Every structure is written in structure tokens, then in C-alpha cells.
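*Asks:* Build me a model from this:
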Amino acid sequence: MDRNTIIGLVLIFGVFIGFSLYNSNKLQKSYDSRVEVADSLYKEGDYEAAKLEYLKALEFKPGTEEAINRVNEINSIIQPPVQDSTAVSKPIAGEETEERQQVVEKQEPDRSTEVAPTGAFADAYSGEQEFYVIKNDKVELTIATKGGRIYSALLKEYYTHDYKPLVLFDGDSTVFGFQFFTRNNKRIATNNLYFKSVDNQKVIDASNSAKKAVFRLEASENEYIEYVYSLEPGKYMLDFDVNFVGLDNVIASNVNSLAFAWESYIPQQEKGRQNENNWSNIKYKHYQDNVDGFRTRSQKDFEEAEIPTQLKWVAFKDQFFSSVLIAGDHFSNGYVSYTKMPEDSKYLRYCTSELSLPFDAGGDESYDMNMYFGPNHYKTLKKYDLELEELVMLGKNIIKFINKYVILQIFSWLDNSIGNYGIIILILTLIIKIVLFPLTFKSYQSQAKMKVLKPKVDELSKKFPKKDDAMKKQQATMALYKKAGVSPMGGCLPMLLQMPILFAMFRFFPTSIELRQESFLWATDLSTYDSILDLPFNIPLYGDHVSLFTLLMTLSTILTMRLNNPSSTGQEQMPGMKMMTYIMPVMFMFILNNFSSGLTYYYFLANIITFGQNMLSKRFIDEQAVLKKLEENKKKPAKKSKFQQKLEDAAKQRGYNAPKKK
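*Replies:* Numbering: from 1, shown residues only. Predicted coordinates for the structure are as follows:
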């Protein structure tokens, strides 16, 4: 590494540090400005606006305890949860975690001076928290009488990375219900009121036939809101029907839409938190239009979106599982947001949504909705014909096309007959490399031609030794290549054509639930990193473990890059490129150390097969025969392209080539 290269690296590092300090100072100022506005609004009692400003402040300094505590305080004021003094039994799906209890405690206000509620739904403000279960062979859903909501969703066929029951969400901090005003201008949030079970059956088993569970929030015997949950055997999809009965004299007459709030914490399910967090997100489908959402792998700690158009569904998703709320027809509009949780939290994100449903205050109203609680499995989701398969991130444009119509099809075909996913990846890699071998062989042929022309290029270097003659040397070199029929890009283009496959695999493996908890060799789970050594400390970007497949990938990458190095094929190498041969693989080692071991295993196999193909190609290429052919090409008159010929013909017609008059 020469002096100029060192100076360049130092300057780049200096610029990076300077920008980081400048950006940190700018973020602090932006945060302070937002908090100042939020504090002012809070003192004035405008809690909704204050909450929004605090959340915007957290965009600049995520995880700031002061702002988070104030948001929790405002939540308890806006939607005070009612806690009955009666001891509450724990849900069947699993025990309440300490962290979840802390969240609930923060939301619980002092109710010692609270006045007894009056008006519509007055009796529903207090009651006994009870839990009911509706289940089939796929899911077990616990329903709480408080809010009449799904309290927890357990997937029977799956477990967490440490083999505990896999629960998509659970606990009192979940928000799920309608919000509206009554005729006496009282704000109602059904999430905080107590429903009653109609049939009072504690456990409803739909494993053999379709069953339903009905809950009512009563203003009177003939005035109520009814939730009907229906489940069929073998389905992750739950029918969720809502009926507003006899409430025309209860709900304000000017109400033409109802707000439905759905908020939930997404717990960590996988071993690799960073990787799982990268694929956790909120997605939503525009009515009769495309699927949208926040950018995958976004590093923002808070994001929000106002959606003024109609929506078909909204999904809270993590790497391999999703909870989806689906409208029977459509939601009128919506608002969604997520907040990343601290690294030491058991939860990845807190997701919120507020969806609008059209409402006719003059009579009864019904909504036919659905909820999906299940895996992000492409074929399972595609069966519902709702574009839910878009929850499986396969990339965009050409990357998505390759994954959807090539990789996924081959993978599914192999999966039907082979039980070991390590072997499936091996065969998949072999198929891909065999199909791409003509491009690999063409690239190697081009490298061989460049190598045999190296002595001729060296002669030109001696002919033009001065730096001022660099352009002349370049022109002479290109003329030599043209006469010999060699394209300097001949080795690059075939490799560039293979790049979409590499990027497609980068998207395919981390989101393939088929690899989840599947072991191969020393890797216990091909969907996350394989650790052969846990470090007692954390290395920035790299992590606190050593992945063997990532190391093998790095070493094999260096090996193949050295084989294809321009200096080994007779080409001149740009200054600093030799160092890049080692820097780039090491950079990818740091980046991919926390990624799916199935991905790094594939890259390792691809490198080894490429190395073998190059060795095989070398045996079939006779350099002397190539040199002889090139010499013959040099003797032939250079063929003009059609474009070049047209230019010359046009010039002749204008008289540029006409003989000069004497």
C-alpha cells in the first residue's frame, strides 16, 4: 500500500468521523426542538398532539427514556386500562413475562379518585377478566373478556429458537378494538371494556369441524357490539365478524366512520436478533392495488405512515411469522407506525395501526373481517388469493422474478423428494452452476486470451514508457485487442450476468421458513448463523460469535478471486486492487457473520464449484492454440460494424470524402 493510498484512507476515515459528530449534534438539536414543542402541548392538555411530537422526537434519538416514559404516561391518560381487583388467571398460551408486566404497570394510572362511569356501557367498565380458548390443529387462540380481543396467538407446529411455545403476541398491552363517541359525547374504547361470552364455553375445539366463539359488549339487552370468532380445521385464518346491533340511539348521529385500533408487541422468536429485526416490518395492501409497507432492513427506530387511500389488509410481521387483519371489503384509510425496542428487550418492535371503517348511524352495521396468525410460507399464503405471499420478501424486479419463477420452483421440487436441507442446497447450487457454466467458461476463455496477449501488451509498455503517453498506449492496446478479436469486457460481462443470481439468493435464504430449525453438519439452524465459538465480548458489526460457514465462504472467495486476479491472467492491475482482493471478502465476512448459515453455505459451495469449473476449463483450453488463432485474427481485415459503415456512407454523401479540386 503506497503513501497516496494511506493518505486517502486517512482522509476518508476523517471525513466519516467528522460527519458522525456533525450528524450527532444535528440530531440532538432536532430532538430538543421536538421535545420543547411536545412539553408545551402536554402542559396545555393537548395529549394527542403531544404524543405525536414525542414520537417524532424519538426518531432523532431512539430509546430516550424521558420521551418513552412520557408517551406511556399519555397512553394511560388517553386509554386508561381498567383493572379489576379480582385475581386474574394466566392465559393458557403461556405465562406473563416480567417485561410485559412492567409495561402494563406503567400504563396503569392512579384510580383512587376516579368517579364511577355512567351512561351507555357503564356496566362494562368493570368485570372479571376471564380467558376462553378457540383452537384447531394449527393454532390456539386465547380470547380475553376485557376488550373481547385475541389475548394471545400460539402456533402449535412451531417453537422458538430455545424450544418454547411460539406465541405471536400476548398480554394486556395489546390494543384491539373500536373507538367512537356516544350521543352524550362520551369517548368509548372497546379495548378497555368487558365483554361477555354468549355460550360460556371455556375451550372450543375446531380440530374436526368449524366452530365459533361469540362475545358481546352490552349497553342493554338489545343494544350491543358482538364479536364472532370462527375457526375451521387446518386453517391459520380466523373469521372475525363484528355486529353493531340496536346502537342507533347510543352512537353519536354524526358518526360516519369508526376507528379500529390494533397495537401489538412483536416478541423475539429467533436466535439471531439482528437478522430477525431486519425482516420485521409492517406491510399493508392497498385496495385492488399493490402491497406496500415500510422499507425492509430499515435502520430507523421509528417510522409512521398516514394512508389516505383504501386498504385491504395490514400485517405485523417478523422474519418468519405474521399477524394480519383483513377487511371483508376494505378499510377507508389508515395510520401505521412501529417503534424499535431496545437491544436488551424481549421484544423487537411495537407496532400500531388505526384503521377506519365506514359506519351508518341510522341502523345496524356488520363487518366481515378475517385474521391470519401463521407462518410466512409462500405457498400457504398464496392459497388465500389476497397477495399475502408478498409478506415473503423475495426482492424486486429481476431479483423477484428469479426467486419466484426459478429458485422457489427448483427448491420446492427438491423439497418434495429430499428430507435434508443441506443436501437440497447442495443440489440447488449444482443445478445453478451447471446452467451458468457456459457463461463461466466464456469468461475463462476471455481471460486466457488476455493472458496470451500479455507479451504484446508488454511491448507496447516499452514503446510508450512515459506517463504522458498513457493515452497513446491505451489506444494502441485497444487496437491490438480489436485486431486479435479480443474484448477486454469479455470476462466481465458473463460475471455481471450472474450477479442477479447472487442477489436473489441473498433475499431467498434469510426469508425461507423451510430452513428454520433445520440442521446440517455443525449448523443447528440453517435460517440463522452457525456458531462454533461464542466470544466473551462483542465485536462491532461482526458480533459475539464465530460462524464457520462464513469463514469458509471468506477463504473460498479469496481463493477464487486470486485465481481470477488480473495479474494471474496477464492483465495489468489497477493500483490498490490487489489489496481489495483481501479487503472485500473480509468486509463480507463481517457483514454476513450474523446472517443465515444457509446463505453462507450456499456462497461457500458456489465458490468451490466455480473454482473446480475454472480448473476444468483450464484443462480444455490450449493457450498455444488460442495464440495461433489470435495471430490469424490479426491478419484478417477488421470488420466494420453496421453502425460504423452507416456513418461512413453518410459522410460520403455529404461530400466529406470527395476529392479536392486542384
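
*Asks:* looking at this structure, which helix or strand is least sure?
*Replies:* helix 98-107 (a mean of 40; mean pLDDT, DSSP states H and E).

*Asks:* pLDDT on the following helix or strand past that helix, on average?
*Replies:* The helix or strand immediately downstream of helix 98-107 is strand 131-135, counting by DSSP states H and E. Confidence over strand 131-135 (mean pLDDT, whole number) is 95.

*Asks:* Which strands and helices lie in contact with strand 131-135?
*Replies:* Counting by 3 or more CB pairs under 8 Å, 6 or more residues apart in numbering; DSSP states H and E, the packing neighbours recorded for strand 131-135 are strand 139-144, strand 203-205, strand 211-220, strand 223-231. For every residue, glycine as well, the C-beta is placed using N, CA and C.

*Asks:* now the last one against strand 131-135, angle please.
*Replies:* It stands for strand 223-231. 40 degrees (axes from the mean of the first three to the mean of the last three CA atoms, to 10 degrees).

*Asks:* so how far is strand 223-231 off the chain centroid?
*Replies:* On the basis of CA atoms, centre = their mean, to the nearest Å, strand 223-231 sits 34 Å off its chain's mean C-alpha point.

*Asks:* for the helices and strands packed on strand 131-135, which one ends up most surrounded?
*Replies:* Counting by mean count of other CB atoms under 10 Å, strand 139-144 has the highest mean neighbour count of these, with a mean of 23.

*Asks:* how far is that strand from where the chain is centred?
*Replies:* Centroid separation for strand 139-144 versus its chain: 27 Å, with CA atoms, centre = their mean.

*Asks:* show me the contacts for E514.
*Replies:* By CB atoms under 8 Å, 6 or more residues apart in numbering, E514 lies in contact with H377, F411, D415, Y421.

*Asks:* if we can go back for a sec, out of the helices and strands packed on strand 131-135, which is closest to N370?
*Replies:* Comparing these by their distance to N370 (CB to CB), the top pick is strand 223-231, with 9.5 Å.

*Asks:* ok so, going back, can you say which of the contacts of E514 are buried?
*Replies:* Buried members of the contacts of E514, counted by 16 or more other CB atoms under 10 Å: H377, F411, Y421.

*Asks:* hang on, the earlier thing: take the contacts of E514 and keep only those in helices.
*Replies:* In helices, judged by DSSP state H, the following of those are found: F411, D415, Y421.

*Asks:* Mind telling me what element the residue nearest to the first one when sequence neighbours are not counted is part of?
*Replies:* This points to F411. In space, and not counting its chain neighbours, F411 is closest to L428: 6.1 Å by CB to CB, 6 or more residues apart in numbering. If you go by DSSP H and E, L428 is part of helix 421-452.

*Asks:* that older thread, kindly reformat the helices and strands packed on strand 131-135 as TSV and extend each row with distance to P500 and mean pLDDT.
*Replies:* As requested, those are arranged in TSV below (distance: least, CB to CB, whole Å; pLDDT from 0 to 100):
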stretch	distance to P500	mean pLDDT
strand 139-144	37	95
strand 203-205	48	94
strand 211-220	48	93
strand 223-231	42	95
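
*Asks:* Skipping its backbone neighbours, what lies nearest the spatially most central residue of the chain in space?
*Replies:* Centre of the chain computed as the mean C-alpha position; nearest residue by CA atoms, centre = their mean is W279, 3.0 Å away. With CB to CB, 6+ apart as the measure, Q319 is the residue that lies nearest to W279, at 4.1 Å, once sequence neighbours are left out.

*Asks:* per-domain residue ranges of this structure.
*Replies:* 21-78, 79-83+96-108+121-393, 399-635 (automatic domain parsing).

*Asks:* Provide a list of residue ranges in the stretch 1-150 of the chain with pLDDT below threshold.
*Replies:* For the stretch 1-150 of the chain, applying pLDDT under 70 flags the ranges 1-24, 26-27, 59-63, 76-119.

*Asks:* And the strands in the stretch 301-450 of the chain?
*Replies:* Under the criterion DSSP state E, counting those that start in this stretch, the stretch 301-450 of the chain carries strands at the ranges 302-307, 311-317, 321-331, 333-340, 347-358, 365-375.

*Asks:* Neighbours of the residue nearest to W279, how many?
*Replies:* The burial count assigned to Q319 is 26, neighbours taken as other CB atoms under 10 Å.

*Asks:* So S531 sits against S547, correct?
*Replies:* Yes. Under the criterion of CB atoms under 8 Å, S531 makes contact with S547 at 6.3 Å.

*Asks:* of the two, who's got more company?
*Replies:* Looking at S531 and S547 with other CB under 10 Å, you find the greater number of neighbours at S547, namely 25 against 20.

*Asks:* wait, what's in contact with the nearest residue to L605 once chain neighbours are set aside?
*Replies:* With CB to CB, 6+ apart as the measure, T429 is the residue that lies nearest to L605, at 4.4 Å, once sequence neighbours are left out. Taking CB under 8 Å, 6+ apart as the criterion, T429 is in contact with Y602, L605, A606, I609.

*Asks:* Neighbour count, pLDDT and distance to N208 added to the residues you listed, as TSV?
*Replies:* Putting these into TSV (neighbours: other CB atoms under 10 Å; pLDDT from 0 to 100; distance: CB to CB, whole Å) gives the following:
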residue	neighbour count	pLDDT	distance to N208
Y602	24	92	42
L605	22	93	45
A606	23	90	47
I609	21	90	50
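
*Asks:* Of the residues you listed, which pair is most distant in space?
*Replies:* Using CB to CB, the pair of the contacts of T429 lying farthest apart is Y602 and I609, separated by 10.5 Å.

*Asks:* what are the bridge partners for F181, then?
*Replies:* According to DSSP bridges, R187 are recorded as the beta-bridge partners of F181.

*Asks:* Mind pulling the model confidence for L154?
*Replies:* pLDDT, L154: 94.

*Asks:* In three-state terms, how would it be classified?
*Replies:* Using DSSP: H, G, I helix; E, B strand; the rest coil as the criterion, the local structure at L154 reads strand.

*Asks:* Neighbours of it, how many?
*Replies:* L154 has 21 nearby residues by other CB under 10 Å.

*Asks:* That'll do, ta.
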